[in-house]
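Colleague: Give me coordinates for this.
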Amino acid sequence: MRRIVLYIAMSLDGYLADPAGGVDWLTGQDPSWEGDGGYSDFVRTVDTVILGRRTYDQITTQLSPSAWPYEGLSAWVLTHRDAPEPEGDIHFTDLSLDRLAARLRALPGRDIWLCGGADLVRQALELDLINELRLTIIPTLLGAGIPLFRGLRGPKLLELVSHRAENDMVECIYRRRGAAQ
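Modeller: The predicted structure is shown next:
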């Protein structure tokens with residue numbers, strides 16, 4: 001069965017974005033560094049990406065307005081608002097996250113990337129849908145903003161699978177404690 005993998009970056013103090021929703025702080029220490037922090041390796045393991053509508057809007061209007069960055073991946077945008085016409089492999093749905101996850105897991109393919117935002121991450125954790133969390137910790141303290149793990153009901157037990165550091169950023173890979181591979 002296909003796994004759902006959260007692949008996301010956060011500030012050292014646990015924020016996904018600054019108070020205005022900005023993410024221009026998502027860099028390591030050396031601005032001339034040309035690595036991608038493992039992104040290209042990760043993206044080869046997935047063929048589907050799930051994201052919330054606010055994340056989709058931010059990507060298409062601010063972060064990458066001239067080109068869809070997830071070309072070649074089947075993208076599913078969860079929304080309860082009117083959706084634009086689907087383009088290529090971008091699909092808009094008002095299905096619940098658990099129903100969408102069940103449908104996508106039943107299809108053949110590689111792993112499924114849960115891209116964000118914070119509300120979608122919280123829902124997925126509460127529904128116990130995430131098999132693996134790949135968190136890149138950026139060496140920045142924001143002090144305020146959109147917390148990645150806000151509003152969780154009760155603890156979620158994880159175990160560290162691996163970690164690596166590059167350009168002062170640390171990628172930690174966790175899975176649910178006691179979960180089968």
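
Colleague: now the chain, which segments are flagged as low pLDDT?
Modeller: For the chain, the stretches with pLDDT under 70 are 28, 179-181.

Colleague: what about the helices in it?
Modeller: Applying DSSP state H to the chain gives helices spanning 39-43, 53-58, 97-106, 118-126.

Colleague: Looking at those helices, which is nearest to Arg2?
Modeller: Across the helices of the chain, the minimum distance to Arg2, taken as Cβ to Cβ, is reached by helix 97-106, at 4.8 Å. C-beta coordinates here come from the backbone N, C-alpha and C atoms, glycine included.

Colleague: Can I get the closest one in PDB? Just the C-alpha atoms.
Modeller: Extracted C-alpha coordinates of helix 97-106, given in PDB (Å, rounded to 0.1, in the frame of the first residue of the first chain):
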ATOM      1  CA  LEU A  97      -8.900  14.100   3.700                       C
ATOM      2  CA  ASP A  98      -9.500  10.500   4.900                       C
ATOM      3  CA  ARG A  99     -11.600   9.700   1.900                       C
ATOM      4  CA  LEU A 100      -9.100  11.200  -0.500                       C
ATOM      5  CA  ALA A 101      -6.300   9.400   1.200                       C
ATOM      6  CA  ALA A 102      -8.100   6.000   1.000                       C
ATOM      7  CA  ARG A 103      -8.800   6.600  -2.800                       C
ATOM      8  CA  LEU A 104      -5.200   7.500  -3.500                       C
ATOM      9  CA  ARG A 105      -3.800   4.700  -1.500                       C
ATOM     10  CA  ALA A 106      -5.900   2.200  -3.400                       C
END
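
Colleague: which one is Thr27 nearest to, not counting chain neighbours?
Modeller: Leaving aside its chain neighbours, Thr27 sits nearest to Ile138 (7.2 Å; criterion: Cβ to Cβ, 6 or more residues apart in numbering).

Colleague: Now do the same contact list for that neighbour.
Modeller: Ile138 is in contact with 9-12, 25-28, 169, counting by Cβ atoms under 8 Å, 6 or more residues apart in numbering.

Colleague: In strands, which of those appear?
Modeller: Among the contacts of Ile138, the residues falling in strands (DSSP state E) are 9-11, 169.

Colleague: Tell me the one of those nearest Leu104?
Modeller: For these, the minimum distance to Leu104 (Cβ to Cβ) is 23.1 Å, reached by Ala9.
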